[in-house]
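my questions concern the predicted model and sequence given below.
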Amino acid sequence: MDLKNLSPAMTSQLAAMVEAYISSSREKYAPQAVPLTDTQRAAMSPFFSSSVLDSARLCLLRGTRVPNPSMYSMAKMMGISNLPDFSGMAAITFVDVIVSHQDFTDALLFHELVHVAQYAQMDLKDFSARFVNGFIQGGSYEEIPLEKQAYALENRFSQGSGEEFSVDDEVRQWREAEKI
Ligand SMILES: [Zn+2]
């Protein structure tokens, strides 16, 4: 099925389900999540505001993985394939709670903190709508603009020669240019 044929009502219903998944996952993992270590904070502080670094919490899962949303069975019945496999991802960010299936490298932490910065500049409803619309328009998880920005900035960080930049500014500029 061509996702672009989804009715606006169905699209907003999907966005509402994504929003519920993010918010219930955040509640589930927040109790076992911890602040950044001093070392992590020092590595990230040239790029992120202290409000992002203060609010972020990390949860490292061992022997268990984040389950995919229960709405997937319904989405599959609707003929939507290539849904993002959250349980297979390195890490997933639920607002300010970063849940990882593997040890945090600086690059992984950076990528997920970009998402924390994105969430901080929009409310959860807005983020969820952009996530779903990005998936529908782009046709895959990798084409979701929120994700493309996180990968682009992560690459800039990983390849950077110590260049400092403000992720908050980058997110603001993308939003103003309506790229996300
Ligand atoms: Zn990401």
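Structure's in. What do you need? Residues are numbered from 1 along each chain as shown.

quick one: the worst-scoring helix or strand of the chain on mean pLDDT to chain centroid distance?
Here the helix or strand of the chain ranked lowest by mean pLDDT, DSSP states H and E is helix 72-77, holding a mean of 82. Its chain's C-alpha centre and that of helix 72-77 lie 21 Å apart, by C-alpha atoms, centre = their mean, to the nearest Å.

and the next helix or strand past it?
Using DSSP states H and E, the next helix or strand after helix 72-77 towards the C-terminus is strand 91-94.

what strands line up against that following strand, and which way round?
Within its sheet, strand 91-94 is paired with strand 97-100 (antiparallel), according to DSSP bridges.

report the closest residue of this protein relative to the ion.
A150 (4.3 Å; C-beta to the ion). Just so you know, the C-beta spots here come from the backbone N, C-alpha and C atoms, and that holds for glycine as well.

count of residues packed around the nearest residue to that residue once chain neighbours are set aside?
The shortest distance from A150 to any non-neighbouring residue, by C-beta to C-beta, 6 or more residues apart in numbering, is to V114 (4.2 Å). A count of neighbours around V114, defined by other C-beta atoms under 10 Å, yields 26.

which element, helix or strand, includes V114?
Counting by DSSP H and E, the element that carries V114 is helix 106-120.

what comes up buried for the helix or strand following that helix?
Per DSSP H and E, the first helix or strand lying C-terminal to helix 106-120 is helix 124-138. For helix 124-138, the neighbour count (16 or more other C-beta atoms under 10 Å) marks 124, 127-136 as buried.

right, I'll leave it there.
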